[in-house]
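Participant: sharing a model prediction with you, sequence too.
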Amino acid sequence: MHAVLLLVLFALGTAGSPNNPRSIFINSVDDDAVIKIPTVHESAVQARRIMHLSTIGTLSTVFPTTDALEDRPSGLGGVPIGLMDYFADCEPETGNPTILAVDIATSFKNAAAGSNVTLSMRWVSPDSHSRVYSPAALPRFSLVGYLEELSDEDVESGKIAECFVQHHRDAKVWLPGSRIHRSRWVRLVVNDVYWIGGFGDRAYIGWIPVEVWRNVTVEEVHDATLPGDGRGLGFTLINWFRARWF
Ligand SMILES: *[C@@H]1O[C@H](CO)[C@@H](O)[C@H](O)[C@H]1NC(C)=O
Ligand SMILES: *[C@@H]1O[C@H](CO)[C@@H](O)[C@H](O)[C@H]1NC(C)=O
């Protein structure tokens, strides 16, 4: 589209148009150059905000190579499987998402058998009905790590359950101690973060070092803006006034 426009302008220019097409040509090129690719840190902040606002992701694990007790097709050892699961950002100081592991679920059986775990999520813009909406232009990422059971101390304060149920009212029924399913609180200990911020000419695509991921502050997460979240200029102005006068 751009290229066609430039060609037309260029053709006009060589045809002796009075509109100085040469400078238009240069401006167009400059416009493209103005797009600033977010830094790794800025990408980490966006990722942490997406995790903060999201509650559902895809949990990927691999089947153990030997599992004589399991009723399953043969040849699945080492094969990955991704399944939808609930999570919540209940330990925001660390960036490790909280998950309610139901013992009979495949993902948690695989994890119990030693599988590492990847949690993938994507930003779904509230603006997704817009005509120009392209899911490929929006951020998505994967948190790679392993599951670790929360200690009694972590759970005792009740904050974890309260936070999780705030995001997942229906999960009340299978909280640890319920009679429906045996379940336990776990955190995904994030070891690696793979980020695709959108199209590569304007977004960072690649690994985010885990120290950068962990280092993001709760304030940064709170103030971050995501594409189509309605927090653009207006939000920035409100924040600016708030920082000055409140
Ligand atoms: C899990 O990942 C770690 C690296 O983070 C690796 O050392 C370990 O072997 C992996 N475990 C399995 C069962 O693949
Ligand atoms: C973590 O944040 C602190 C304070 O903002 C900064 O000084 C430090 O360089 C950061 N470390 C990494 C690995 O980003």
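Facilitator: Everything's here; your move. Ligands and ions are numbered 1, 2, ... in the order given.

Participant: okay, CA-based contacts and neighbour counts for the rest of this
Facilitator: OK.

Participant: please list the residues of the protein that sit near ligand 2.
Facilitator: Contact residues, the chain versus ligand 2 (C-alpha under 6 Å from any ligand atom): 211, 212, 215.

Participant: repeat that for 8 Å
Facilitator: Applying C-alpha under 8 Å from any ligand atom, we find that the chain lies next to ligand 2 at 41, 209, 211, 212, 213, 215, 216.

Participant: just the buried members of those residues?
Facilitator: 213, 216 (16 or more other C-alpha atoms under 10 Å).

Participant: where exactly do the helices run in the protein?
Facilitator: Ranges of helices within the chain are 2-14, 21-34, 40-53, 106-112, 152-156, 159-167, 210-215, 218-223, 233-245, based on DSSP state H.

Participant: of all the residues of the chain next to ligand 2, which two lie farthest apart?
Facilitator: 209 and 216 (11.6 Å; C-alpha to C-alpha).

Participant: find the nearest non-adjacent residue to the residue in the chain positioned nearest to ligand 2, please.
Facilitator: Here the residue of the chain nearest ligand 2 is residue 212; by C-alpha to the nearest ligand atom that distance is 4.4 Å. With sequence-adjacent residues excluded and distances taken as C-alpha to C-alpha, 6 or more residues apart in numbering, residue 212 is closest to residue 41, at 6.3 Å.

Participant: out of the residues of the chain next to ligand 2, which is nearest to ligand 1?
Facilitator: residue 209 (13.3 Å).

Participant: is the closest one in contact with residue 192, as I believe?
Facilitator: Yes - between residue 209 and residue 192 there is a contact at 6.7 Å, judged by C-alpha atoms under 8 Å.

Participant: spit out the contact partners of residue 139.
Facilitator: 47, 122, 123, 195, 196, 197, 198 (C-alpha atoms under 8 Å, 6 or more residues apart in numbering).

Participant: show me what the fourth one is bridged to.
Facilitator: On the basis of DSSP bridges, residue 195 takes part in beta bridges with residue 141, residue 206.

Participant: could you check how far it is from residue 91?
Facilitator: 21 Å (C-alpha to C-alpha, to the nearest Å).

Participant: name the residue in the two with the higher neighbour count.
Facilitator: residue 195 (24 against 15; other C-alpha atoms under 10 Å).
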